[in-house]
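[1] Sequence first, predicted model second:
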Amino acid sequence: MVRRIAGWISVAIPVAFVFCFFFVPMVWLFVTSLSENVLGEGMRFTGTFQQYARYWTDAFYLTKSFWPTIWLSVVATLVTMVIGYMLAAFIANLPANRRGFFMMLVIVTLSVSTVIRLFGLNVLIGNKGVLNSALAALGLPGFRVMHSEFGVLIGLIQIAIPYAVVPLIGVLAAINPALKEAAASVGAGRFRTFVNVTLPLSMPGVIAGGVIVLSNNLSAMVVPAMMGGGRVRMIGILAYNQATSVGNMPFAAAIGISLSVVTILVSAVILWMLGRSMKAARK
């Protein structure tokens, strides 16, 4: 009886936490998005989707926030997964007594604040950073990265790499070396062994890391704020500005709900495409 009660409590507490601090705020946000901002009166519930129509039918918002968010997030995710895969493969192939040290270095980066990491990146590649100062001392022309889409792309990749590496290390380390040896014994080179053995077996880690990285990139706000300097208006930045600077909470809520739906849909499409490719590879 005591074990049964303890089991129910262990399930009820996290469920209650998620319900209170995720579902309730999301419901409130959705209800807010069905309102309008009346000057001098505040919010007034209308029950219409006019805020969504305003965002999705205005070419300015689509070209200045939606499409930049999509392409920056997708490109950053692809580059991150390539770099993360190579780093995870390097760590996974190390002896067990050395692997822990490098895993610790990767995990420690997750404990450092995103703001601090971006400040460090700014010191390195900022317009007056270390690299530009070194180029100026050598009489070479500098480069401008900050306050541009390229700067935001670098920031997204730098922040996301640990989220790609951590799921991949365990998957790659768990692959039986005998499978690679068997492939080599029948004449498969390194590339064919990777394509036919390593990559298919590591796809669960690729999928998990890719979805996490893409979700974080789509909802990023700190990175475009610091690396974009307000010039790169990703969806998160637009929602924040509407809520704080403009004070239009219904429109900000509609943008936030739209971002959540887009993130879910894009992640679902990726999972579906990868699932089909994995099924086709097994046949």
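    Yep, it's here.
[2] So which residues of the stretch 1-150 of the chain form strands?
    Applying DSSP state E, counting those that start in this stretch to the stretch 1-150 of the chain gives strands spanning 35-38, 42-45.
[3] so which of those strands gets nearest Pro167?
    Between Pro167 and the strands of the stretch 1-150 of the chain, the tightest spacing by Cβ to Cβ is seen for strand 35-38, at 39.8 Å. C-beta here means a position set from N, CA and C on the backbone, and glycine is covered the same way.
[4] what sits against the spatially most central residue of the chain?
    Note on the chain: the residue nearest the mean C-alpha position is Asn216, at 2.6 Å, using Cα atoms, centre = their mean. Counting by Cβ atoms under 8 Å, 6 or more residues apart in numbering, Asn216 touches Ile159, Ala160, Tyr163.
[5] Now rank those residues by neighbours and give me the top one.
    In terms of neighbour count, Ala160 stands highest of those at 26 neighbours, by other Cβ atoms under 10 Å.
[6] sec struct for it, please.
    helix (DSSP: H, G, I helix; E, B strand; the rest coil).
[7] Tell me the pLDDT of it.
    Each residue has a pLDDT score; the one for Ala160 is 93.
[8] In contact with it, which residues?
    If you count contacts by Cβ under 8 Å, 6+ apart, then Ala160 has Ala76, Thr77, Thr80, Gly84, Val213, Asn216, Asn217 around it.
[9] which one of these is nearest Val115?
    Taking Cβ to Cβ as the measure, Val115 lies nearest Asn216 of the contacts of Ala160, at 15.1 Å.
[10] Dump the contacts of Ala160 to TSV, plus distance to Arg99 and pLDDT.
    Supplementary listing: the contacts of Ala160 in TSV, determined by distance: Cβ to Cβ, whole Å; pLDDT from 0 to 100:
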residue	distance to Arg99	pLDDT
Ala76	27	94
Thr77	26	93
Thr80	21	95
Gly84	16	93
Val213	22	92
Asn216	25	90
Asn217	28	92
